[in-house]
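S.K.: predicted coordinates and the sequence they were generated for:
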Amino acid sequence: MAASSSKALLLLVFLLCSPQLFCNAYPAKHSHHRHPRFTSHNYRDALTKSIMFFEGQRSGKLPSNQRITWRKDSGLSDGSAMNVDLVGGYYDAGDNVKFGFPMAFTTTMLSWSVIEFGGLMKGELQNAREAIRWATDYLLKATVHPDTIYVQVGDAKKDHACWERPEDMDTPRSVFKIDKNTPGTEVAAETAAALAAASLVFRKCDPNYSKILARRATRVFEFADKYRGAYSVGLKPYVCPYYCDFSGYQDDLLWAAAWLHKATKSPTYLSYIQANGLTLGADESDYTFGWDNKHVGARILLSKAFLLQNVQPLHDYKSHADSYICSLIPGTPFSTAQFTPGGLLFKMNDSNMQYVTSTAFLLVTYAKYLTSSEKIVNCGGHIITPKKLRTFAQKQVDYLLGDNPLKMSFMVGYGPRYPLRIHHRGSSLPSVAAHPSKIQCSSGFSIMDSQSPNPNILTGAVVGGPDQNDRFPDQRSDYEQSEPATYINAPLVGALAYLAHSFGQL
Ligand SMILES: *[C@@H]1O[C@H](CO)[C@@H](O)[C@H](O)[C@H]1NC(C)=O
Ligand SMILES: *[C@@H]1O[C@H](CO)[C@@H](O)[C@H](O)[C@H]1NC(C)=O
């Protein structure tokens, strides 16, 4: 009896101390009260799928628990062009290039999703962490040499000239880097933000990994801040027009400092934000949040420190965040946001859905901060409550999932009707299992141009979405509307976890 109970105690100690196992553990059940309400949507199913999508975007050696099984290993000698190991990471969208700038932003947003709503994710928490680790393992490789970041693998022009499966790739895997002489402040700062945000995700469940990420984030931020310059200048022919940074690097620096402030608690970053915030555009009225411009995200994140931790020097970020909210919510004197006739937030023709998902995430997140601090937003006398923000976010997500004039979901594999011809090489060509012999660079285009549905379901992929009149032609050649991307899904993960929980599905 005594022997077996001490064995049980040992086992318990082992379970609690083993970082890997603790990473697998579900968090304690959330104690706050829930009022299950009616919804026609299965947010939980959408959450599962939104995370699974990342497995379809994996580059490198796939693990044995890979769930999107039509994908196989690819890019196994990535980095060899510069004698560095750059195997792994994610393809950004429907092509086979690894672009560091959007990959880092994706990582930051997946991490923020887990930081805010991971506690509600139950069994999906482990999948979300694995999606983050797939990126951070790569970002650690890309930042292994001080004052250098390998920011891209693959020549986008040559890659785009082929319609090839990643497993068949034979276009040059050119490696592009930034360093002291060819700086890239925006991509370096976003990489620092990603490493810092991810360090918070792993802080409790894998402290060793978390420390490595935080230390690297600190070093990368110093490099970003010290050697100022745009990668869109130094690497222009390779990164433009794909992920050319149009907003400048100021927003990325403020965003990165905000994440380092949160991750390290070092007073250095608070002083940095106080000294440089306005110069870096803290109060600019640019309200589009995505891989290019991080101002709005930085405002919401910094307002948390003021609202929840009472960091007085960040007082103004609540009003900076409020200005964004007032610009967005229809019916206030300051609202400028555009919507389709069917009610979808409309920012741009190309990949508009990324702004829908990032906005939905920011709204449920800001609503959480406001609720905890018992605050509201006042838009020139119009009172905006946290409830209003949540309702707005839910409407946008519901449109994405099928409540729209076309009655279709824009997430592949969710609901009865969804995009069949997404602009994605791997999904559209026969799988390696179905067609083991190589499909050459240009022979793939006959399939790209055909009307046949994609043979491989890229579960959970959210596409660019409808045009400004709610139309969606579902044409493979139409990359603006039919291409999925990692940064469309990343913020949606957090929004769906919130919704699934709030409707009693998790
Ligand atoms: C800490 O993490 C690094 C990187 O994942 C790993 O190489 C190292 O073995 C780990 N150390 C310990 C003590 O777990
Ligand atoms: C977006 O598409 C509409 C309709 O096709 C077009 O009139 C408009 O110029 C496009 N806007 C941009 C910024 O390309």
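M.R.: Arrived safely. Keep in mind the model is a prediction, meaning the values are calculated, not measured. Residues are numbered from 1 along each chain as shown. Ligands and ions are numbered 1, 2, ... in the order given.
S.K.: so which elements touch the helix or strand containing residue 215?
M.R.: Here residue 215, judged by DSSP states H and E, is contained in helix 207-226. If you count contacts as 3 or more CB pairs under 8 Å, 6 or more residues apart in numbering; DSSP states H and E, helix 207-226 packs onto helix 19-24, helix 124-142, helix 185-201, helix 250-264. Using the backbone N, CA and C atoms, a C-beta is placed for each residue, glycine as well.
S.K.: export the ones you listed as a markdown table, with columns for mean pLDDT, distance to ligand 1 and mean neighbour count.
M.R.: Converted to a markdown table, the helices and strands packed on helix 207-226 look like this (pLDDT from 0 to 100; distance: least, CB to the nearest ligand atom, whole Å; neighbours: other CB atoms under 10 Å):
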| stretch | mean pLDDT | distance to ligand 1 | mean neighbour count |
| --- | --- | --- | --- |
| helix 19-24 | 54 | 7 | 14 |
| helix 124-142 | 98 | 8 | 22 |
| helix 185-201 | 98 | 12 | 30 |
| helix 250-264 | 98 | 17 | 27 |
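S.K.: need the ones you listed in CSV with distance to residue 271, can you?
M.R.: Shown next, in CSV, are those (distance: least, CB to CB, whole Å):
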stretch, distance to residue 271
helix 19-24, 33
helix 124-142, 26
helix 185-201, 17
helix 250-264, 10
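S.K.: ok, which of these comes nearest residue 494?
M.R.: Checking the helices and strands packed on helix 207-226 against residue 494 by CB to CB gives helix 124-142 as the closest, at 9.1 Å.
S.K.: how far is that closest one from where the chain is centred?
M.R.: 11 Å (CA atoms, centre = their mean, to the nearest Å).
S.K.: can you give me the strands in the protein?
M.R.: For the chain, the strands defined by DSSP state E cover 98-99, 148-153, 175-179, 377-379, 382-384.
S.K.: which one of those is the most hemmed in?
M.R.: A comparison of those by mean neighbour count, using mean count of other CB atoms under 10 Å, puts strand 98-99 on top with a mean of 28.
S.K.: in its sheet, what does it sit against?
M.R.: strand 148-153 (antiparallel) (DSSP bridges).
S.K.: contacting residues for the nearest residue to residue 287 once chain neighbours are set aside?
M.R.: Distances taken as CB to CB, 6 or more residues apart in numbering place residue 327 nearest to residue 287, at 4.9 Å, with adjacent residues excluded. The contact partners of residue 327, by CB atoms under 8 Å, 6 or more residues apart in numbering, come to 285, 287, 334, 335, 336, 337.
S.K.: find the nearest non-adjacent residue to residue 336, please.
M.R.: According to CB to CB, 6+ apart, the nearest residue to residue 336 is residue 327 (5.1 Å).
S.K.: before we move on, what about residue 60?
M.R.: Nearest to residue 60 is residue 88, by CB to CB, 6+ apart, at 3.8 Å.
S.K.: how near is that neighbour to ligand 1?
M.R.: To ligand 1, residue 88 is 13 Å away according to CB to the nearest ligand atom, to the nearest Å.
S.K.: what comes up buried for stretch 386-401?
M.R.: 386, 388-390, 392-394, 396-401 (16 or more other CB atoms under 10 Å).
S.K.: sorry, that was for stretch 496-505
M.R.: For stretch 496-505, by 16+ other CB under 10 Å, it's 496, 497, 498, 499, 500, 501, 502, 503, 505.
S.K.: let me have the residues you listed in JSON lines, extended by distance to residue 46 and pLDDT.
M.R.: Below are the buried residues of stretch 496-505 laid out as JSON lines (distance: CB to CB, whole Å; pLDDT from 0 to 100):
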{"residue": "496", "distance to residue 46": "5", "pLDDT": "98"}
{"residue": "497", "distance to residue 46": "10", "pLDDT": "98"}
{"residue": "498", "distance to residue 46": "12", "pLDDT": "98"}
{"residue": "499", "distance to residue 46": "8", "pLDDT": "98"}
{"residue": "500", "distance to residue 46": "8", "pLDDT": "98"}
{"residue": "501", "distance to residue 46": "13", "pLDDT": "97"}
{"residue": "502", "distance to residue 46": "14", "pLDDT": "96"}
{"residue": "503", "distance to residue 46": "11", "pLDDT": "96"}
{"residue": "505", "distance to residue 46": "10", "pLDDT": "96"}
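S.K.: okay, those in a markdown table with distance to ligand 1 next?
M.R.: Output for the buried residues of stretch 496-505, formatted as a markdown table (distance: CB to the nearest ligand atom, whole Å):
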| residue | distance to ligand 1 |
| --- | --- |
| 496 | 29 |
| 497 | 26 |
| 498 | 30 |
| 499 | 33 |
| 500 | 31 |
| 501 | 31 |
| 502 | 35 |
| 503 | 37 |
| 505 | 34 |
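S.K.: what is the neighbour count of the nearest residue to residue 497 once chain neighbours are set aside?
M.R.: Closest residue to residue 497 apart from its sequence neighbours, by CB to CB, 6+ apart: residue 117 at 3.9 Å. Neighbours of residue 117 under the rule other CB atoms under 10 Å: 27.
S.K.: and for the helix holding residue 215, what's in contact with it?
M.R.: 19, 133, 136, 140, 143, 146-147, 149, 185, 188-189, 191-196, 198-203, 249, 252-253, 256-257, 259-260, 263-264.
S.K.: over to stretch 390-401?
M.R.: By CB under 8 Å, 6+ apart, stretch 390-401 touches 39, 41, 43, 46, 328-329, 342-345, 353, 356-357, 359-361, 363-364, 367, 403, 409-411, 414-415, 462, 465, 492, 495-496, 498-499, 502.
S.K.: who touches residue 164 in this structure?
M.R.: Listed by CB under 8 Å, 6+ apart, the contact set of residue 164 reads 96, 170, 171, 425, 429, 439, 440, 441, 444.
S.K.: switch to 6 Å and redo it
M.R.: 441, 444 (CB atoms under 6 Å, 6 or more residues apart in numbering).
S.K.: same question for residue 191.
M.R.: For residue 191, the contacting residues are 104, 139, 149, 220, by CB under 6 Å, 6+ apart.
S.K.: run the last query once more with 8 Å
M.R.: 100, 104, 139, 142, 143, 149, 220, 224.
S.K.: again, but for residue 410
M.R.: 353, 400, 401, 418, 419, 462, 463, 465, 466, 472.
S.K.: ligand 1 next: which of those residues are close?
M.R.: Counting by CB under 6 Å from any ligand atom, nothing from these sits close to ligand 1.
S.K.: so which of these wins on neighbours?
M.R.: residue 463 (33 neighbours).
S.K.: any idea what that one is bridged to?
M.R.: Beta bridges link residue 463 to residue 484, judged by DSSP bridges.
S.K.: that one is in contact with residue 421, isn't it?
M.R.: No: the criterion here is CB atoms under 8 Å, and residue 463 misses it with residue 421 at 9.9 Å.
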